[in-house]
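K.L.:
with the sequence up front, the predicted model follows.
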Amino acid sequence: MSASDRGECSCDSYDRAMPSPLKPIAIAFAGAAAVAGVRKLFSPTGEMQSTLVDWDGVRRVAYNRTRERRGKVDPALSAQYEEVLASLKQPMAEVLEGEPQFQAVNVISRKQFIDRNVEMSARLLAPLETLRTQLPESQASKLGRKATTKYVGELFGYLSRRVLGQFDPVLRMQGDEQLPDDASPYLMIVDRNLVHFSREHGAPIDSLRRVVAMHEATHVWQFAEHPWIAQRLNETISEVVLTPLNQRLAPEDKDKRRIDFRSAMHDAKAQLEAVRRIQAVMTLLEGHANFVMNTAGRAAIPEFDGVHEAFDRRKQARPIWEQIIQLLTGMRFKLQQYEVGESFCDAVVKDASLSTLNLVWAGPENLPTMEEYRKPSLWLDRIKK
């Protein structure tokens with residue numbers, strides 16, 4: 001019986017599933033669409049309004065999909081991962097051209113992974129919940145909440161068995177200025193999934209742990225050293241989700257019921273452009289993390305090639321049902337982000353230099369467009385001017 005059949009981890013470090021910012025963003029899109037549509041389609045029930053997503057319900061559904069009974073984690077593992085990162089600091093610094101500062105590593109169970117992602121998603125959706133209070137409860141909102149709760153629960157349960165590591169940079173939409181005191185960046189490793197991946201695909205466990213730790217630590221460096229990344233994501237997520245929702249919830253002008261198609265088309269184009277900006281940031285983050293992992297890891301991690309070959313074997317053996325899930329959840333696009341972003345990094349270093357590549361972190365003005373990712377020479381020409 002394969003790890004996939006048992007519901008165990010069968011993923012690779014390039015397939016961390018949807019990146020931490022994108023999971024709640026995807027949920028936010030669904031929630032925003034539901035709220036905006038309820039107002040005109042259904043009448044109020046007179047009941048007290050509820051949240052967009054039943055997060056306790058999400059936990060119940062997700063917990064039942066973890067294939068995890070006790071969920072105990074060896075407390076010594078976190079310290080071991082921190083020692084691993086300390087040993088990788090110098091080779092990473094050579095690629096990053098700057099000394100990375102690491103934070104605590106949290107080795108967690110699958111259920112703890114679900115808990116953290118529920119907290120992260122609820123935090124990001126907080127401004128949407130505020131807007132939700134402007135609408136009364138209806139049968140449509142009830143049905144939408146049940147469907148969304150079920151979907152998110154199934155998704156989180158599935159990811160809890162697949163994700164090896166994840167970094168939560170604490171993103172928030174504008175209008176959510178008051179974060180909980182404990183809302184701080186969080187680096188997590190689901191070590192049980194690494195163990196199962198190692199057994200299933202023959203990856204040396206010690207080297208596998210080093211590879212995954214290096215990838216996730218690169219994300220820590222990206223956000224910690226370049227605050228403009230989180231700011232750009234926060235602004236763009238708000239533009240995509242909150243701006244159109246605020247417009248649709250505004251009081252109607254009875255004298256202007258005719259649809260302005262030109263205005264609607266302009267808004268749609270603006271939405272697509274904002275989505276492309278999110279894609280551009282995520283492609284850089286994921287592709288660069290893989291570039292650092294492969295460049296520094298190959299020289300510093302014993303049996304790195306063995307881990308890489310295990311990832312390749314898993315890709316070739318992925319069953320059709322898993323491919324369908326990836327398509328439905330957007331995870332296939334995530335894999336493309338790894339590949340496109342990493343190819344861009346490789347091409348820039350080959351055609352220019354490592355120092356030229358690191359200019360990408362100077363500010364949002366140096367961020368490649370999706371076209372430049374596919375044609376790195378365009379980015380190089382722009383940077384040289």
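P.N.:
Nice, thanks for sending it over.
K.L.:
confidence score at residue 22?
P.N.:
Residue 22 carries a pLDDT score of 54 in this model.
K.L.:
the helices in the stretch 251-385 of the chain, which residues?
P.N.:
Per DSSP state H, counting those that start in this stretch, the stretch 251-385 of the chain carries helices over the ranges 261-300, 304-316, 320-329, 331-351, 354-357, 370-374, 376-384.
K.L.:
those helices: lowest mean pLDDT?
P.N.:
Taking the mean pLDDT of those, helix 320-329 comes last: a mean of 53.
K.L.:
so can I have a markdown table of the helices of the stretch 251-385 of the chain showing distance to residue 118 and mean neighbour count?
P.N.:
(C-beta placed from N, C-alpha, C; glycine too.) Formatted as a markdown table, the helices of the stretch 251-385 of the chain follow (distance: least, C-beta to C-beta, whole Å; neighbours: other C-beta atoms under 10 Å):
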| stretch | distance to residue 118 | mean neighbour count |
| --- | --- | --- |
| helix 261-300 | 21 | 18 |
| helix 304-316 | 28 | 16 |
| helix 320-329 | 17 | 13 |
| helix 331-351 | 19 | 18 |
| helix 354-357 | 36 | 16 |
| helix 370-374 | 31 | 15 |
| helix 376-384 | 38 | 15 |
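K.L.:
so which of those gets nearest residue 209?
P.N.:
In terms of C-beta to C-beta, the element of these nearest to residue 209 is helix 304-316, at 9.6 Å.
K.L.:
just the CA atoms of the closest one, as CSV, please.
P.N.:
Only the C-alpha atoms of helix 304-316 are listed here, as CSV (Å, rounded to 0.1, in the frame of the first residue of the first chain):
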residue,chain,number,x,y,z
PHE,A,304,21.3,16.2,-1.5
ASP,A,305,21.1,14.5,-4.9
GLY,A,306,19.3,11.5,-3.3
VAL,A,307,16.7,13.8,-1.8
HIS,A,308,16.2,15.5,-5.2
GLU,A,309,15.8,12.1,-6.9
ALA,A,310,13.2,11.1,-4.4
PHE,A,311,11.2,14.3,-5.3
ASP,A,312,11.4,13.4,-8.9
ARG,A,313,10.2,9.8,-8.3
ARG,A,314,7.2,11.2,-6.4
LYS,A,315,6.3,13.5,-9.3
GLN,A,316,6.4,10.7,-11.8
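K.L.:
check which helices and strands it is in contact with.
P.N.:
Packing partners of helix 304-316 (3 or more C-beta pairs under 8 Å, 6 or more residues apart in numbering; DSSP states H and E): helix 191-201, helix 205-225, helix 261-300.
K.L.:
buried residues in the shortest one, which are they?
P.N.:
Residues 191, 192, 193, 194, 196, 197, 198, 200, 201 are the ones in helix 191-201 that count as buried (16 or more other C-beta atoms under 10 Å).
K.L.:
before we move on, the earlier item: can you redo the helices of the stretch 251-385 of the chain as TSV with distance to residue 52?
P.N.:
Shown next, in TSV, are the helices of the stretch 251-385 of the chain (distance: least, C-beta to C-beta, whole Å):
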stretch	distance to residue 52
helix 261-300	20
helix 304-316	35
helix 320-329	19
helix 331-351	23
helix 354-357	41
helix 370-374	30
helix 376-384	39
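K.L.:
tell me what residue 106 is bridged to.
P.N.:
In this entry, residue 106 is beta-bridged to residue 188, by DSSP bridges.
K.L.:
tell me the confidence at it?
P.N.:
pLDDT recorded at residue 106 is 96.
K.L.:
is there a neighbour count for it? I'd like the number.
P.N.:
Neighbourhood size, residue 106 [other C-beta atoms under 10 Å]: 17.
K.L.:
mind listing what it touches?
P.N.:
By C-beta atoms under 8 Å, 6 or more residues apart in numbering, the residues touching residue 106 are 78, 186, 187, 188, 189.
K.L.:
farthest pair in the residues you listed?
P.N.:
Using C-beta to C-beta, the pair of the contacts of residue 106 lying farthest apart is 78 and 186, separated by 12.2 Å.
K.L.:
my guess is residue 197 contacts residue 207, does it?
P.N.:
No: counting by C-beta atoms under 8 Å, residue 197 does not reach residue 207; the two are 12.0 Å apart.
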